[in-house]
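**Student:** Dropping the sequence and predicted coords here.
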Amino acid sequence: MDKADLKSSIIKFIDKYTATSGENHLHAINEKAWAQPLVGFASGSDPLFDKYREMIGDFYWTPADAMKLAYPDADFDRTELTVICWVLPQTDETIAEQRKATLLPSRRWIFSRLHGENFNNQLRNDFQKFLRDQGLKAIAPSIAEGWGYRQSDTAGICSNWSERHAAYAAGLGTFSLSDGFITEAGIAVRIGSVIVQADIEPDKRTYEHHLGNCLFHATGKCRACMKRCPAGAITDEGHNKEACMKYIRDITVKYTEKMTGFKVNACGLCQAGVPCERRNPMKPK
C-alpha cells in the first residue's frame, strides 16, 4: 500500500469506527458521545518532539522512545515513524447542556468523560491492532505500559506522552489560555494518538504560534474561560494546573461518584460557554 492509500485507509478507519461503534455512546443517555472526528499526521522526526522533551524533562517520550518500549529488540529510524492523531468533538447536545452549568459539570459531560474516554481507549487499542494486522509496528502511547504522570522541574505535573502536544505537531490546533486545545471543531474535544512505523506525508501546521487560535492571546480580550472557571485556576498568566486538579479532586470527583458510581476526573466548564467551544474563533464564521 503506498503512502497516499495508507493515509486514506487510516482516515476511513477512524471515521467509520467513530460512526459505527456501539461504544461511542453515553450509555445512561441514548446519544453518541462524540461527533465526527478530525485526523492529523506528524512526522516522527519532527523537531517539536525533541523540543517537548527539552521543555518537559527526560522522562518525556519521543515517538522513537515510545516505539522502543513496545519493540525493545527493534531499531527505529525517526524518519520512518508517523504520529497519527485524532480529535473527538463533543456533540451539540453535550455542549449545550455544559454551557448552562456553572459550578459542576453537566450530566452529559460527565458521561462523555467516563464512557466517551473508555471509547477513546478502545479506539486506541483497535486502531493499533488494525495497523499491526497490516504488518506494521504500532503503539498507542497513552495505553502503553509505563504511561503516566511525572513531576517536571519546569512544567509541573506532566504526562510522559501528551495527546495535545502530539495533535499540535500534527497541525490539528493550538493551545489556549486555559491550556485546552482549540481545533477547527473547537476546544470541547478529547484527543487520541497512535505511532506507526510507516512513512506517511505529515500535515502542515497552518498556525505560526502555539497559542495562535486563542482570542485572548491574539487580541488581549475575551477571558471567557477565566470567568467560567469555578476554581479561579485561569488568569492572564495562564492555567494553574495544581488549583485546577485540586478543585476536580476535592469537589467534582465526589459529585461524579455520587452520580455515576465512578470517580470521574471531569470538569470542562472552561470549554463551553466560550467563543471557541465549537470552532476556531480566529477563523471567519
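**Tutor:** Looks like it arrived, so ask away.

**Student:** Next, count neighbours for Val189.
**Tutor:** For Val189, the neighbour count with other CB atoms under 10 Å is 25. Every residue, glycine included, has its C-beta placed from N, CA and C.

**Student:** Might you list the low-confidence residue ranges for the chain?
**Tutor:** The chain contains residues with pLDDT under 70 at 1.

**Student:** Please, where are all the strands along it?
**Tutor:** For the chain, the strands defined by DSSP state E cover 38-43, 81-89, 138-139, 149-152, 156-159, 173-175, 181-183, 189-197, 234-235, 238-239.

**Student:** what's the first one packed up against?
**Tutor:** This points to strand 38-43. Where contact means 3 or more CB pairs under 8 Å, 6 or more residues apart in numbering; DSSP states H and E, strand 38-43 is packed against helix 3-20, strand 81-89, helix 163-169.

**Student:** That strand pairs with which strands, parallel or anti?
**Tutor:** In the sheet, strand 38-43 lines up against strand 81-89 (antiparallel) (DSSP bridges).

**Student:** do the third one as well
**Tutor:** Based on DSSP bridges, the pairing partners of strand 138-139 within the sheet are strand 189-197 (antiparallel).

**Student:** Run the chain-centre distance for the partner strand.
**Tutor:** 8 Å (CA atoms, centre = their mean, to the nearest Å).

**Student:** Give me the neighbour count for Asp199.
**Tutor:** Neighbour count of Asp199, defined by other CB under 10 Å: 16.

**Student:** Now for it: which residues touch it?
**Tutor:** Shown in contact with Asp199 (CB atoms under 8 Å, 6 or more residues apart in numbering): Lys3, Thr79, Glu80, Thr82.

**Student:** How about Gln36?
**Tutor:** Going by CB under 8 Å, 6+ apart, Gln36 touches Asp15, Thr18, Ala19, Pro89.

**Student:** The second one and Phe111: what is the separation?
**Tutor:** To tie it back to what came earlier, the one meant is Thr18. To Phe111, Thr18 is 17 Å away according to CB to CB, to the nearest Å.

**Student:** the more surrounded of those two?
**Tutor:** Legend: neighbour count by other CB under 10 Å for Thr18 and Phe111, higher for Phe111 (24 against 21).
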